[in-house]
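# quick one, what's the 3D model for this:
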Amino acid sequence: MLTVTRLHCEYSAAPLGMDVPHPRLGWELTSSQRAARQTACQIAVAASNADLQAGRWLWDSGKLAVQRSYHHSYAGPALRSRQRCFWQVRVWDEHDQPSAWSEAASWEMGLLDERDWQAAWIAAGWEEAPHTSPPAPLLRREFRLRAQPVSARLYATSQGVYTAHLNGQRVSDWFLTPGWTAYQHRFQYQTYDVTALLQAGPNAVAAMLGDGWYRGYLGFSGQRNYYGSQLALLLQLHVLYADGSEECIASDASWLAATGPILAADLYNGELYDARCERPGWDAPGSLGEGWSPVRVVAAPGARLVAQSGPPVRPIEELPARSVSLAPDGETIVDFGQNLVGVVRVRLQGVSGQRVRFRHAEVLQPDGSLYTENLRSARQTNEYVLKGEGEEVYTPTFTFQGFRYLGVSGQTGVLTADQVVAVVLHSDMPSTGEFACSHPLLNQLHHNIVWGQKDNFLDIPTDCPQRDERLGWTGDAQVFASTAAFNYQIAPFMAKWLADLALEQRADGAVPHVVPDALRGLPWPTAGATGWGDAATIVPWTLFRFYGDTRLLQTQYPSMRAWVEFMRASGEDELLFGYGFHFGDWLALDTGIDGAVFGATDVLLIGSAFYAWSTHLLAQIAELLGHTADAQHYADLHKRIVAAFQREFVTPAGRLASNTQTAYVLALMFDLLTDPQREEAVRRLVADIRRRELHLSTGFLGTPYLCPVLERYGQLDVAYALLLQESYPSWLFPVLQGATTIWERWDGQRADGSFQTPGMNSFNHYAYGAIGAWMYRTVGGLDIESAWPHHVHALVAPQPGGGITWARSSLHTLAGPYTVAWQLEAGELRLSVSIPANATAQVLLPHARQEEVTAQGLLPAQLSQQENRVAVEVGSGDYLFVYPYPAGGAS
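Down below sits the predicted model:
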């Protein structure tokens, strides 16, 4: 018998304020039976829970003979603005036995038409200096409600960032709303359920505005006001009474504005908060005091208003101080034990006017003081001016910092550890993956990878969270996408970012280096780089592999096609790509020049390799989406690109034009060589690694594929040697240096304590964390083979090596959680596998003989020998495989 659980709509449990016209519905299944699967389903949708239970349905899907339990599009009557829908589902199992109806779930639509917005854009009435960060304006309006509402929704967005308040309370704990989008094209609005915050009689609605990405410092060229110089608010509150009548309170000319305690706020530089300027009760009904003046109604931006689609940025966890010390200059240094992104909450006491300064840094100088040179022009400093009225608590509102260490000065007395807490901020993505093994340094590496993702997935996938950059670099995102999808549920997060990528794409198809494009207009090339622009194809394909999301592929298809066409039009004879400016194998170590940023691999070789790969992916996607002519066209183009690559870059002796690790890795990974050429390429790749005493020399583009290529071509021992290498350059060198996140450079801090060049030296940069996907797949033994069209199918294929004696990995998929655990003990390999209901897996047992395998609950005939491994296809349930494992099997 199947039980339906964990209903979701567009990847969320109960989304509020959606603008998807045909929301997709899904669920998970549980069963105590092995190989349990769904053979049919029925979805019912109604206008209320009562209607749902009574069978008064808006839409009845009928009995659908499908196994898939996700991405079922609502196909009922057209949905209206603010409409709430309740739904449930039942399924039939492999014996055609129906389950019980699930518990009800819901979704709610947002404002689907611009005419639904009765609000006006409003701004503070005073003029502001355009080249500095001015005080954050406070906006408010009082109103009366004739009765207690039964339901209320607040819709809001801003030019800049905002917090919304009702009757003295913030309406949510979300940070930096409305988030960062391509503001010239679209603004997200948020929807809040504020029913519990309202009351019959007097009420007050209020908001505070900050510079954010809209007009604060943005990028590394010192620019402000990139999108505009005027902060503005758009807000409306819909109230429903018990008698069915409604009322709307909207931003308009009746609102008032004043300044408050935030005298300056900037994402890079920090916040200045003067508690003496606080206005008690400013967001509650009642007496206002002096200093309030009418707002101005301002023109609406030309951009569209869209519902928030990605997860909000929220306080996710809190970290206590690990230790407190003094720097030589007397500054108090607080160590939180983890490089993180967020803000600090601090408790202080002092006299009125006393100024306390909070500086933030990732690492310390050898003398114990903060190292801040790598921040470049970003100050990362918050300042708090006390009002002098007992204990005061301060948490910044309109900024965030990347830090492990906090430097405090100006406080009264000795700051103690219990006075400060680090509040970790990132996009609220569900955690989906876990990995652990017998090697403690690898466990720390995995920890660092996860934290690097958390710290840099703050509304967009940034390169780094601390210096004057924090931009959505496309190359970083594409190399890390697979690892990111193992660690967290990233589909809505990445889909939101990809929508901006498509909007920001140049007319000729060139993809910006960063999305949103904060570099456009600078006097150097800002789009069209190989390996960076390929995010347009690689990221959607990665999301499809994990989530089976064909709608995303359909949405992004014009963008993917435009990028490939850009490369075709920009290349030599339409077959080679790489002329003009490119980053190449960024920060590779094969030039022999300390601190170099450009690698030694020919960018024409790299460009042509990625051109071939993106064209190959586009052909596959076109076939999947039914674009038959395109599929054939790009398949043919791919063949010609591969032939041109072989003519241009492979000598008769099998040497590549660039004799670098990255050149061979890309040629092998992207299948650009003939069989004899592959054999020689593998030999040369391994020879170079051994010549470097089992060290890598790859940069951003070569590193993600290095271990997968070595494993694929029979060099698993070399792959493990690289993974477990402890001396520079390696993944574990930063771990042994005390890193708690992934570094931008292999030697960000050297063994002698000195630092790499401060101009390019982030200690929180996830790109090299792309090795995480290989750790899940090969060390942990778990990978997703496909999630479309029928059901989730996984590959369980651990490859023990490197002296590791056990490993565990898990992944919560759209079907539910897979878990794999293996252990080598007393000459045996014990492999346990757990597969969720309505899902399957292929299990590959390395170095196994069919007659020696004990497979709990499986017949010997279900196993098959494939050379030196045993294979079996299994359905849902728990399985245990035990067999003798050769001493040399785990290299």
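# hey, let's count contacts and neighbours off CA atoms from now on
Fine.
# so residue 250 makes contact with residue 121?
No. With contacts counted by CA atoms under 8 Å, residue 250 stays clear of residue 121, the gap being 9.7 Å.
# which neighbours do those two share?
Taking CA atoms under 8 Å, 6 or more residues apart in numbering as the contact rule, residue 250 and residue 121 both touch residue 235.
# where does this protein have low pLDDT?
Scanning the chain for pLDDT under 70 picks out 890-891.
# can you show me the strands along the stretch 301-450 of the chain?
Taking DSSP state E, counting those that start in this stretch as the test, the strands found in the stretch 301-450 of the chain are 304-307, 313-320, 323-326, 332-348, 355-361, 363-364, 370-371, 381-385, 392-394, 401-409, 420-427, 433-437.
# among these, which is nearest residue 260?
strand 381-385 (12.9 Å; CA to CA).
# for stretch 366-382, list every residue counted as buried.
Residues 369-372, 374-382 are the ones in stretch 366-382 that count as buried (16 or more other CA atoms under 10 Å).
# next one: the most centrally placed residue in the chain from residue 762, what distance?
Closest to where the C-alpha atoms of the chain average out (CA atoms, centre = their mean) is residue 457, at 4.3 Å. Noted for residue 457: a distance of 16 Å to residue 762, by CA to CA, to the nearest Å.
# please apply the same query to residue 733.
In this structure, residue 733 and residue 762 are 16 Å apart, going by CA to CA.
# returning to that earlier point: if we take the buried residues of stretch 366-382, which one ends up nearest to residue 584?
Looking across these and measuring by CA to CA, the closest to residue 584 is residue 374, at 22.9 Å.
# and the residue lying closest to the closest one once chain neighbours are set aside, how many neighbours?
In this structure, residue 374 finds its nearest non-sequential neighbour in residue 758, 4.3 Å apart by CA to CA, 6 or more residues apart in numbering. For residue 758, the neighbour count with other CA atoms under 10 Å is 15.
# ok so, going back, figure out which of the strands of the stretch 301-450 of the chain is closest to residue 812.
strand 433-437 (6.5 Å).
# residues near residue 453, how many?
Residue 453: 27 neighbours (other CA under 10 Å).
# what about it, distance to residue 462?
For residue 453, the distance to residue 462 - CA to CA - is 9 Å.
# ok, now which ones touch residue 509?
559, 562-566.
# helix, strand or coil: sort out the closest residue to residue 241 other than its chain neighbours for me.
In space, residue 241 comes closest to residue 149 once its chain neighbours are excluded; the distance is 4.7 Å by CA to CA, 6+ apart. Classification of residue 149 using DSSP: H, G, I helix; E, B strand; the rest coil returns coil.
# phi, psi of residue 149?
phi -70, psi 150 (degrees, to the nearest 10).
# ditto for residue 580
Taking degrees, to the nearest 10 as the convention, residue 580 sits at phi 90, psi -160.
# where's it relative to residue 474, distance?
Residue 580 is 18 Å from residue 474, by CA to CA.
# the more surrounded of those two?
residue 474 (27 against 11).
# that one reaches residue 533, doesn't it?
Yes. Contact criterion CA under 8 Å: residue 474 and residue 533 qualify, at 6.5 Å.
# shared neighbours of those two, anything?
512-513.
# who's in contact with stretch 416-424?
Stretch 416-424 has contacts (CA under 8 Å, 6+ apart) with 315-324, 334, 336, 340-348.
# likewise for stretch 577-597?
Contact with stretch 577-597 is made by 525, 528-531, 567-568, 570-571, 598-608, 611, 660, 662, 697-702, 745, 756-757, as judged by CA under 8 Å, 6+ apart.
# among those, which are located in helices?
Cross-referencing the contacts of stretch 577-597 against helices under DSSP state H gives 567-568, 570, 603-608, 611, 662.
# which one of those is nearest to residue 795?
Distances from residue 795 to the ones in helices among the contacts of stretch 577-597, taken as CA to CA, are shortest for residue 662 (27.2 Å).
# which residue packs closest to the closest one, ignoring adjacent ones?
Nearest to residue 662 is residue 702, by CA to CA, 6+ apart, at 4.6 Å.
# quick one: the one you found and residue 669 touch, right?
No. Using CA under 8 Å as the test, residue 702 is too far from residue 669 to be in contact (9.8 Å).
# these two: which has the busier surroundings?
Just comparing residue 702 and residue 669: by other CA under 10 Å the higher neighbour count belongs to residue 702, 27 against 19.
# what's the more buried one sitting at in phi/psi?
phi -90, psi -30.
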